[in-house]
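**Q** need a structure here:
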Amino acid sequence: MARQEIEHSHLPVRGINLHVAQVGKGDLGTVVFLHGFPEIWYSWRHQMLAVAAAGYRAIAPDCRGYGLSDQPPENEEASWVWDDLVADVLAILDALSIPKAFLVGKDFGALPAYDFALQHPDRTCGVVCLGIPFSPVPFAFDTMPEGFYVLRWGEPGRAEADFGRYDVRRVVRTVYVLFSRADIPIAKEGQEIMDLADLSAPLPEWFTEEDLDVYAKLYEKSGFRYPLQMPYRSLRKMPQRLDAKFQAPVLMVMGEKDYCFKFPGFETAVRSGAMDNFMPDLKIIYIPEGGHFVQEQLPDRVNELLLDFLNGHPVAS
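**A** From the prediction side, this is the model:
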C-alpha cells in the first residue's frame, strides 16, 4: 500500500484561521493530535502516517498562535486561553463533520485533551497523553529555583529578550537540545535559558537538520509571542477540576527520562494511583529510555502503543 500524503488546509474557526494537517480515510475513526511547546503539527508526523496506514483519519492542528495558524488578538485574556483550546478542538470536529474522535496530547497539549474529554464526553472516543499527568488543580512550581525555565518564561519580556539575541532556528535548536535531556533546564544567576546550550551541543540523534528547518520556518511565521503566553503565562489560570470523572478510556505514556518527571509532584501523581480516582479506565505505560519528545525519539514504540489503544477501543459504526 502506497504511503498516504499529509494534506494541509486552513479552517476558519472561531474568528481565526487554524492550520490543520490531515491524512487518512478514517474508516476506523478519527485521531486528533494536540502538540506542546516548541512543537507544531510536524511533531506528530510519524504517528499521523502510522494511524492513517491502519485505517484512521489523523488530524493535527497548529495550536492558535503557533506555526501556520493565525495569531489571536493581542488583548486576549490569558484566563480564556485554556477554554479557547478546547473550543478550537470542538470547532475543528464540527467544521469537518466528525461526530467523535480520539484525542492524543503531548506536553501542554495534554491539558486541552483532558479538558475536552471532560467537557464533551459524547464527542470523545478515548484519550492518549504523553508526559503530563492529569491534575485536578493548577500545577505549582513555587518550590523550584528562580532560574527554572517555566518561571523565567512566565516573566513578561524576559524570554523575548533572551530569544531575541538569536535567530528563530537557533532558539528552536537550543530548546530541542535542552528539553531532550533528562535534567530540568535551570539557569544560574546571571545566566539566561538560551545560555544553557550552544552550537557545539549536538542535536538529538533522532532530530535532523531538516527537521529543524521545518520547525524554524513555521516559527518564523508565528514568532514566540503567543507560545510564551500559552502555556507559560497561563499556567496559574488553569481551571480546577476536583470533581472530574472521565467517561472515556485513558492511556498515559511516560518516558522515564522525560525531565518533566522531575517536576514537583509529577512522579507521585503518575505512580501513586491518584489519577485512578478521576479515570476509572486508565492505563499507564512507562518507556524507560523515553525522553520529553518521546513520539519523535521512539516513534515505532509510541506508534505501537497508540495503535494498540485505538484498536482496543473500536468506534461503533
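
**Q** could you point out the longest helix in the protein?
**A** Longest helix in the chain, counting residues (DSSP state H): helix 78-95.

**Q** roughly how far out does it sit from the chain middle?
**A** Helix 78-95 has its C-alpha centroid displaced from the chain centroid by 14 Å (CA atoms, centre = their mean, to the nearest Å).

**Q** Check stretch 301-313 too.
**A** 18 Å.

**Q** List of residues touching the longest helix of the chain?
**A** 11-14, 18, 20, 30, 32, 34, 59, 61, 63-64, 72, 76, 99-101, 103, 111-112, 115-116, 119-120, 123, 229-230, 233-234, 237-239 (CB atoms under 8 Å, 6 or more residues apart in numbering). Where you see a C-beta, it was placed from the backbone N, CA and C, and this is true even at glycine.

**Q** For that helix, the averaged confidence score.
**A** For helix 78-95, the mean per-residue pLDDT is 88.

**Q** Any buried residues in it, and which?
**A** Within helix 78-95, the residues that count as buried by 16 or more other CB atoms under 10 Å are V81, W82, D84, L85, V86, A87, D88, V89, A91, I92, L93.

**Q** immediately after that helix, which helix or strand?
**A** Sequence-wise, the next helix or strand downstream of helix 78-95 (DSSP states H and E) is strand 101-106.

**Q** Residues contacting that next one, please?
**A** So strand 101-106 is contacted by 29-36, 39, 43-44, 47, 56, 59, 89, 93, 111-114, 116-117, 123-132, 295, 306, 310, 313 (CB under 8 Å, 6+ apart).

**Q** How much space separates T30 from E5?
**A** With distances taken as CB to CB, to the nearest Å, T30 is found 18 Å from E5.

**Q** Which of the buried residues of helix 78-95 sits closest to E210?
**A** Taking CB to CB as the measure, E210 sits nearest to I92 out of those, at 28.0 Å.

**Q** do you know how far the closest one is from E192?
**A** For I92, the distance to E192 - CB to CB - is 36 Å.

**Q** Okay, buried residues for the one helix or strand A21 maps to please.
**A** Element membership for A21, per DSSP H and E: strand 16-23. Buried positions in strand 16-23, judged by neighbour count with 16+ other CB under 10 Å: I16, L18, H19, V20, A21, Q22, V23.

**Q** Okay, and the beta partners of the second one?
**A** Here L18 sits in beta bridges with L11, going by DSSP bridges.

**Q** what about stretch 158-177, how long is it end to end?
**A** The straight-line separation of the ends of stretch 158-177 (CA to CA, to the nearest Å) is 20 Å.
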